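A.B. asks: Next come a sequence and a model predicted from it.
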Amino acid sequence: MKRVTTALVGAAAVAALAAGCASSTTASSTPSPSGSAAPSSAAPASASTAGHGAAVVKAASSPEGQILVDGSGRTLYLFQADTGPTSTCNGACAAAWPPDTTSGAPSGTGVNTALLGTSARADHATQVTYKGHPLYYFADDAKPGQTNGQGVDAFGGRWYVVGPGGAAITAMPTTPSPSPGGGGGNGY
């Protein structure tokens, strides 16, 4: 009888531990105004949202010049409707423009690390900022190096790639970024 009781207590402890360690991601239900159609594909979670360390921000060459990218080379954008370090992009906006989140202090390569920071999001995630701008991905950038979100007007403002100095690069690329469907251009 003692072995059965010990086994049951042990099983209950393992179940409680598993339930406590499980996590789920819940999208914010805050409605956002939409200025364009939703992207055709859902963006994968950023490497930093997986909870495996701090985000990395790097500078990389693109048709727009030197821009900010994450540690795996995915393009980072700023939203001109954000007037400070706190994101105004939630709900459907955050599905189209996933925030670059981190589980620790972000680090940088080829960028001014003094400009890196974080801010709390409405969903309690920690978003990476650069020179006070919250950073985002674009769901239609299917692979590193794509800049399909450049200049898109959606959710109440324009979205631009960010230069290493922290300013929006508002020029459109001279060479279109390859699109996921194989055609050129940014599709907008």
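C.D. replies: Looks like it arrived, so ask away.
A.B. asks: how many neighbours does the closest residue to G145 other than its chain neighbours have?
C.D. replies: Closest residue to G145 in three dimensions, ignoring its sequence neighbours and counting by C-beta to C-beta, 6 or more residues apart in numbering: G73, at 6.1 Å. Any C-beta I mention is one placed from the backbone N, CA and C, and that applies to glycine too. G73 has 12 neighbouring residues, counting by other C-beta atoms under 10 Å.
A.B. asks: Over to A168?
C.D. replies: A168: 18 surrounding residues under other C-beta under 10 Å.
A.B. asks: Check C89 too.
C.D. replies: The number of residues packed around C89, counting by other C-beta under 10 Å, is 28.
A.B. asks: What of the one 5 residues further on?
C.D. replies: Other residues lying near A94 total 24 when counted by other C-beta under 10 Å.
A.B. asks: Using just helix, strand and coil, how would you label it?
C.D. replies: Three-state secondary structure (criterion: DSSP: H, G, I helix; E, B strand; the rest coil) places A94 in helix.
A.B. asks: Would you state the strands of the protein in chain order?
C.D. replies: Listed in chain order, the strands of the chain (DSSP state E) span residues 56-62, 65-70, 77-79, 107-109, 116-120, 126-130, 133-134, 153-154, 157-162, 168-169.
A.B. asks: what about stretch 65-79, average pLDDT?
C.D. replies: Regarding stretch 65-79, the rounded mean pLDDT is 97.
A.B. asks: go on, stretch 95-102?
C.D. replies: Stretch 95-102 comes out with an average pLDDT of 98.
A.B. asks: repeat for stretch 132-150
C.D. replies: 97.
A.B. asks: C-alpha coordinates for that stretch, CSV please?
C.D. replies: Extracted as CSV, the C-alpha positions of stretch 132-150 are listed here (Å, rounded to 0.1, in the frame of the first residue of the first chain):
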residue,chain,number,x,y,z
GLY,A,132,13.2,54.2,-28.6
HIS,A,133,11.4,52.5,-31.5
PRO,A,134,9.7,49.2,-30.9
LEU,A,135,10.9,46.7,-33.5
TYR,A,136,8.7,44.3,-35.5
TYR,A,137,8.9,41.7,-38.2
PHE,A,138,6.6,41.5,-41.3
ALA,A,139,4.6,38.3,-41.7
ASP,A,140,5.1,38.3,-45.5
ASP,A,141,8.9,38.3,-45.1
ALA,A,142,9.2,34.5,-45.6
LYS,A,143,13.0,34.4,-45.3
PRO,A,144,16.0,36.4,-44.2
GLY,A,145,16.8,39.4,-46.3
GLN,A,146,13.3,40.1,-47.6
THR,A,147,11.9,43.6,-47.1
ASN,A,148,8.4,43.2,-48.3
GLY,A,149,7.0,45.4,-45.6
GLN,A,150,9.0,48.5,-46.6
